[in-house]
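Colleague: The following comprises the amino acid sequence and a computationally predicted model.
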Amino acid sequence: MTETRSPLVEMRDISKHFGGIQAVRDVSLDLYPGEVVGILGHNGAGKSCLMRVLSGAMAPSAGEIFVDGAKVAFTNPLDARHCGIETIYQTLALADHLDAPANLFLGRELKTRFGNLDDRRMAAEAKTVLKRLNPNFTNHTAPVASMSGGQRQVIAIARAIYFDVKILIMDEPTAALGPSETEMVAELITKLRAEGIGIFLVCHDMHDVFRLCDRVVVMNNGRKVGQHRIEEVTKDDVLSLIIRGELPADWTARNAA
Amino acid sequence: MTEIRNEARGNAFFLDLSAALRQRGDLLQRLSAVATLIALVIAFSMVNGTFLSTNNAMTILLQTAAIGLLGIGMTVVIITGGIDLSVGSVLALAGVTAGLLVKAGLPVSIGFAGGLIVGTLCGLVNGLVVTKLKIAPFIATLGMMLIARGIALQITGASPVSGLGDEFGRLGNGALFRIIAMQPNGFPRVVFAGIPYPAILLIVVAVAIAYLLHRRTTGRHVYAVGSNEEAARLSGVAVDRTKLFAYALSGFMAGLAGIVLMSRLVTAQPSEGVMSELDAIAAAVIGGASLMGGVGTISGTMIGAFIIGILRNGLNMGGVSAFIQQIVIGFVVIGAVWVDQLRHRKGS
Ligand SMILES: Nc1ncnc2c1ncn2[C@@H]1O[C@H](COP(=O)(O)OP(=O)(O)OP(=O)(O)O)[C@@H](O)[C@H]1O
Ligand SMILES: [Mg+2]
């Protein structure tokens, strides 16, 4: 069982409020190597806030985070990256006027011996990794503002997997993707999982959740209302958790029956 | 299967094509700015024969130097999505500081260094107010515009500081390769006016900052911050430090422009540079910089600065009043931005 191993990440009693708005309330979560955990919930449930706390983009109002058993306190996204946490943000976080390679390496630019930007090497590297995700991806020198939503999303994904990643946060990574690109991301998730990378997958697509995730965590109004191994629940159970915040009254673990 | 692959290749072809067209769009904009410049030169030289003389070219270089220096700093700030309204006042404060230090008996080099330090400090304060107090750049630098001008007037008693010596005037009036021949009547005659030091300074600074913007990480981050500040932050860019750098650089450039101008006059004028922030902004905007941030180049700003410089010079030589000049430049700014917007509307 995975539970005998030590978790990659442990979040304990995380809360986040903005003035009077309580976006996340006392949520505890863990993630094991080679595990895909789906984070589900209605719009505004607090999924992105919880993920942003883990990626160092947002300071929690309360709670603790442990990575590999050690307590961490991220003051910015770079801190989290140094712990091997990479994030595909729901907003994609791309600089519109820069091209794909510049965005891929933003904040971690490759440099020549003299400290100049090594644009040629960045372009070549970007080409390789983008090609892997989407063979049709060719406009490397255009500013990303002029790209389609799907192409932009592919750049955001490429940026997260290019570097040494141990913990991958994917906040609705396929929202703008077509069927074949979504398939590509699904394959990618399976592959990364086999490599022992832990993945948080925020996703609204039940089909994807059920075929990709090992566990699901459901949030409702900032609270964690359920955490189940995927075999224990059906789509209807999960929908009930998302919408009403509780399981059907007669629920028992499906695989136990 | 092959069909799909062919289609993919077809797509790839179109994407390449559209990228090429977009780059040609940028090229067109640059060419249209250069064409404007050339048209101006031709028009003015037809009206006035001496416009095209080497000496007048050097005068234009000299007059453009100040706008150009301010414009370079302004461009970097504008690319980060900010604006620096204080450069005209900081120019005056820096120049006056240099003048007063020299008047107090310090060597000229120390006086100039003092001016540059004061300019940079003003810029740093702008940057701190913008990043730490989170005050909008327009307001922050408007405040500094009043403060710096006030200090410059206060410490000089609002009167020019003169009698600063020949050494003080060297930077603004000297030139490289100046050839002077002695005439038989004993008077010297200038054969070649030489390349004015301010022009050399402008070129060196422009090349250095263009290099910084395009080849260094700092420059890349300047564009990223102006393009999408949140994305830059999430990508690990030190957003505050990048902005601080931009405002400090703009302050330094204002200081440099200040000592060049005061040296040219061999007088420290506390009222120098009024409204020159507007010239600097106009140069950047004519050169294609976007006040929304993320867009702008040094080469564009240089062209913009020369368009303004040549307009001023040509209209001056044509005997057009300063009031009419303002009107003309006002139209040019609006026209340049309008053309730029047309291009973008077509592009999208
Ligand atoms: N920066 C912010 N300032 C104030 N309130 C915020 C901020 N970010 C999020 N919120 C609030 O926190 C709550 C949770 O938002 P969050 O983005 O985490 O939802 P989500 O579960 O990701 O929803 P979605 O499925 O729509 O992406 C919302 O009510 C939102 O309005
Ligand atoms: Mg969200």
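Modeller: Thanks, I have it. Ligands and ions are numbered 1, 2, ... in the order given.

Colleague: Enumerate the residues of the stretch 51-200 of chain A near ligand 2.
Modeller: Neighbours of ligand 2 within the stretch 51-200 of chain A, by Cβ under 5 Å from the ion: residue A:90. Quick note: C-beta positions are derived from backbone N, CA and C, even for glycine.

Colleague: 6 Å instead?
Modeller: Applying Cβ under 6 Å from the ion, one finds that the stretch 51-200 of chain A approaches ligand 2 through A:90, A:171.

Colleague: low-scoring stretches of the stretch 51-200 of chain A, by residue?
Modeller: Counting by pLDDT under 70, the stretch 51-200 of chain A contains no low-confidence residues.

Colleague: Which residue does it have closest to ligand 2?
Modeller: Among the residues of the stretch 51-200 of chain A, residue A:90 lies closest to ligand 2, at 4.6 Å counting by Cβ to the ion.

Colleague: does that residue count as helix, strand or coil?
Modeller: Three-state assignment for residue A:90 (DSSP: H, G, I helix; E, B strand; the rest coil): coil.

Colleague: Are we agreed that residue A:216 is in a strand?
Modeller: Yes. Counting by three-state DSSP, residue A:216 is found in a strand.

Colleague: what's the closest non-adjacent residue to it?
Modeller: Nearest residue to residue A:216, sequence neighbours excluded (Cβ to Cβ, 6 or more residues apart in numbering or on different chains): residue A:38, at 4.3 Å.

Colleague: Let me know how buried the one you found is, in neighbour terms.
Modeller: Per other Cβ atoms under 10 Å in any protein chain shown, the neighbour tally for residue A:38 reads 24.

Colleague: What strand or helix carries it?
Modeller: If you go by DSSP states H and E, residue A:38 is part of strand A:36-41.

Colleague: Verify the stated contact: the residue nearest to residue A:216 with residue A:203.
Modeller: Yes. Counting by Cβ atoms under 8 Å, residue A:203 is a contact partner of residue A:38 at 5.9 Å.

Colleague: list residues touching both of the two?
Modeller: Counting by Cβ atoms under 8 Å, 6 or more residues apart in numbering or on different chains, the common neighbours of residue A:38 and residue A:203 are residue A:209.

Colleague: quick one on the thing from earlier: wait, what's in contact with the residue of the stretch 51-200 of chain A closest to ligand 2?
Modeller: Applying Cβ under 8 Å, 6+ apart to residue A:90 gives the contacts A:48, A:171, A:172, A:175, A:202.

Colleague: same check, this time on residue B:292
Modeller: Listed by Cβ under 8 Å, 6+ apart, the contact partners of residue B:292 are B:81, B:226.

Colleague: and the helix or strand containing residue A:180, what does it pack onto?
Modeller: For residue A:180, the enclosing helix or strand under DSSP H and E is helix A:179-194. Contact analysis of helix A:179-194 by 3 or more Cβ pairs under 8 Å, 6 or more residues apart in numbering or on different chains; DSSP states H and E lists helix A:119-133, helix A:149-162, strand A:198-202, helix A:206-212 as its packing neighbours.

Colleague: How about residues contacting the first one?
Modeller: Helix A:119-133 is touched from outside by A:100-102, A:104-105, A:109-110, A:137, A:140-141, A:154-155, A:157-158, A:161-162, A:181, A:184-185, A:188, with contacts defined as Cβ under 8 Å, 6+ apart.

Colleague: Repeat the analysis, applying 10 Å as the threshold.
Modeller: Helix A:119-133 is contacted from outside by A:99-105, A:108-112, A:118, A:136-138, A:140-141, A:151, A:153-155, A:157-159, A:161-162, A:181, A:184-185, A:187-188, B:214-215, B:220, using Cβ atoms under 10 Å, 6 or more residues apart in numbering or on different chains.

Colleague: I figured residue A:14 was touching residue A:27, is that so?
Modeller: Yes. Residue A:14 lies in contact with residue A:27 (Cβ atoms under 10 Å); the separation is 5.0 Å.

Colleague: buried ones in whatever helix or strand residue B:203 lives in?
Modeller: When elements are assigned from DSSP H and E, residue B:203 belongs to helix B:197-215. In terms of neighbour count (16 or more other Cβ atoms under 10 Å in any protein chain shown), helix B:197-215 has its buried residues at B:197-202, B:205-206, B:209-210, B:212-213, B:215.

Colleague: quick one: that helix to helix A:119-133, angle?
Modeller: Helix B:197-215 runs at 30 degrees relative to helix A:119-133, counting by axes from the mean of the first three to the mean of the last three Cα atoms, to 10 degrees.

Colleague: Quickly check: helix B:197-215 near chain A or not.
Modeller: Yes. Using Cβ under 10 Å from any Cβ of the partner chain, we find that helix B:197-215 touches chain A at B:211, B:214, B:215.

Colleague: I am finished for the moment; much appreciated.
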